[in-house]
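S.K.: Model the following, please.
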Amino acid sequence: MSRLLLLANPSASAFTGGLHRDIVTILSESHTVEPAWPRDPAESQSMATAASGGDFNTVVAMGGDGVVHHVANGLAGTGVTLGIIPAGTTNVVARLLGIASKPKQAAADLVRVSNPTEVPLTRLSTTGIDGVVKSRYSTFAAGVGMDADVVAVADRDPSKKSRFGSLHYARSAAGVVLNEYRSKEPDLCVTIEGERHHGVAVLVQLHHKYTYFGRVPLAVGNHEPGTLSVLVIERLPLKAVPRILVAASLGADLNKVAGCFAATNVSSVEIEAGEGALAQADGEALGQVRSLVASVQTDLLRVALRPSH
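M.R.: As a prediction, the model looks like this:
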């Protein structure tokens, strides 16, 4: 049987020791399973990269979007298949890819996969405030400015993030807008297909949705596969927040919301942040950046998706 590395995050909201044992049993029907326990996100990525240099055929991320993000970055371009067992609070990427929401069902589907599916990634090239250039991939979304500030605030209380999920993010977002953004002037310069725009926040969407608020999907735009949707929020007075959320939840044209510019079918976007702004990818903080360039990569990641997908 082929070898499978199971990387689990025991801090994930739905994780239990019993569930982990059940997942190992199910996956063992078709693979020789080797469980591993990364100590932090960076080790998840390094373990995934190391597995790709060995004789593992599949690396499974068991947890939320954070562990999936880091394992995907470790496997991008290696040809080793990524499996996903959703055990987090929101599990955005699993939902976007049609993976079963129940961990045991996701594992049962995974053992039946014979031909992995290539899925796109967003390549993010960032220049930090120290001038260091780094490359990273996001599996579903990236943001600079307000969106990333919300991630930073939410991350300050991991227990509430795990227990309350979207509600914790909503409270964090309300605090960020009230305290920092309702009167903030545009400080980001955004270049999309040669046109320049200015704003306080930029959201980059890879799939058909940007994220979820509980069960409600939020979309920046509706683009063709292999491209991106991009939302530039020019200003964010308090009254604009519900209008943006309603439009995003309905899949409406955000260009009709005052203070917003939305673009679809975008091949690449460049964001310049002057002295620096926070950035995030898949809800994982990337720190302060002076610039970020996002573009689509279509052939770097293979994912085990259920046959009906």
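
S.K.: Please report the number of neighbouring residues for the residue nearest to S291 when sequence neighbours are not counted.
M.R.: Among residues not flanking S291 along the chain, T127 sits closest, at 4.6 Å (C-beta to C-beta, 6 or more residues apart in numbering). Every residue, glycine included, has its C-beta placed from N, CA and C. Number of residues near T127 (other C-beta atoms under 10 Å) recorded here: 17.

S.K.: Check G77 too.
M.R.: 13.

S.K.: Now do the SS call for it.
M.R.: Taken by DSSP: H, G, I helix; E, B strand; the rest coil, the conformation at G77 corresponds to coil.

S.K.: That one against S135, yeah?
M.R.: No. Counting by C-beta atoms under 8 Å, G77 sits too far from S135 to count as a contact (10.9 Å).

S.K.: list the contacts for the residue nearest to S291?
M.R.: Counting by C-beta atoms under 8 Å, 6 or more residues apart in numbering, T127 makes contact with V133, V289, R290, S291, L292.

S.K.: out of the residues you listed, which is most surrounded?
M.R.: Those, ranked by neighbours (other C-beta under 10 Å): first place L292, 27 neighbours.

S.K.: That residue looks like it's in a helix, true?
M.R.: No. According to three-state DSSP, the state of L292 is strand, so it is not within a helix.

S.K.: Could you check how far it is from N222?
M.R.: 23 Å (C-beta to C-beta, to the nearest Å).

S.K.: E275: which element?
M.R.: strand 268-281 (DSSP states H and E).

S.K.: how about that strand: buried residues?
M.R.: Neighbour-count burial for strand 268-281, with 16 or more other C-beta atoms under 10 Å as criterion, is recorded at S268, V269, I271, E272, A273, G276, A277, L278, A279, Q280, A281.

S.K.: any idea of the mean pLDDT in stretch 262-276?
M.R.: Mean pLDDT, stretch 262-276: 97.

S.K.: okay, and for this protein, where does confidence drop off?
M.R.: For the chain, the stretches with pLDDT under 70 are 155, 157-170, 172-174, 177-179, 307-309.

S.K.: That one: helices as residue ranges?
M.R.: 17-27, 41-52, 65-75, 92-96, 103-110, 146-155, 158-164, 166-176, 240-250 (DSSP state H).

S.K.: Distance to Y212 added to these, as JSON lines?
M.R.: Below are the helices of the chain laid out as JSON lines (distance: least, C-beta to C-beta, whole Å):
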{"stretch": "helix 17-27", "distance to Y212": "22"}
{"stretch": "helix 41-52", "distance to Y212": "21"}
{"stretch": "helix 65-75", "distance to Y212": "10"}
{"stretch": "helix 92-96", "distance to Y212": "6"}
{"stretch": "helix 103-110", "distance to Y212": "17"}
{"stretch": "helix 146-155", "distance to Y212": "14"}
{"stretch": "helix 158-164", "distance to Y212": "14"}
{"stretch": "helix 166-176", "distance to Y212": "7"}
{"stretch": "helix 240-250", "distance to Y212": "10"}
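
S.K.: Per the annotation, how does this protein divide into domains?
M.R.: With automatic domain parsing as the criterion, the domains of the chain are listed as 2-114, 121-299.

S.K.: Of those domains, give the one that comes closest to L305.
M.R.: domain 2-114 (6.0 Å; C-beta to C-beta).

S.K.: hmm, back to that, return the distance of the residue nearest to S291 relative to T298.
M.R.: Taking C-beta to C-beta, one finds T127 at 24 Å from T298.

S.K.: cool, N57 as well?
M.R.: 22 Å.

S.K.: if you count what's nearby, which of those two comes out ahead?
M.R.: With neighbours defined as other C-beta under 10 Å, N57 and T298 compare such that N57 has more, 18 against 11.

S.K.: looking at it, that one is touching L5, isn't it?
M.R.: No. Counting by C-beta under 8 Å, N57 stays clear of L5, with 9.4 Å between them.

S.K.: Okay, the residue nearest to S291 and V144: tell me how far apart.
M.R.: Distance from T127 to V144, by C-beta to C-beta: 12 Å.

S.K.: which residues do these two both contact?
M.R.: V289, L292.

S.K.: where does the residue most central in space within the chain fall, phi/psi-wise?
M.R.: Centroid-nearest residue in the chain: D282, 2.1 Å away (criterion: C-alpha atoms, centre = their mean). Backbone torsions of D282, given as degrees, to the nearest 10, read phi 60, psi 30.
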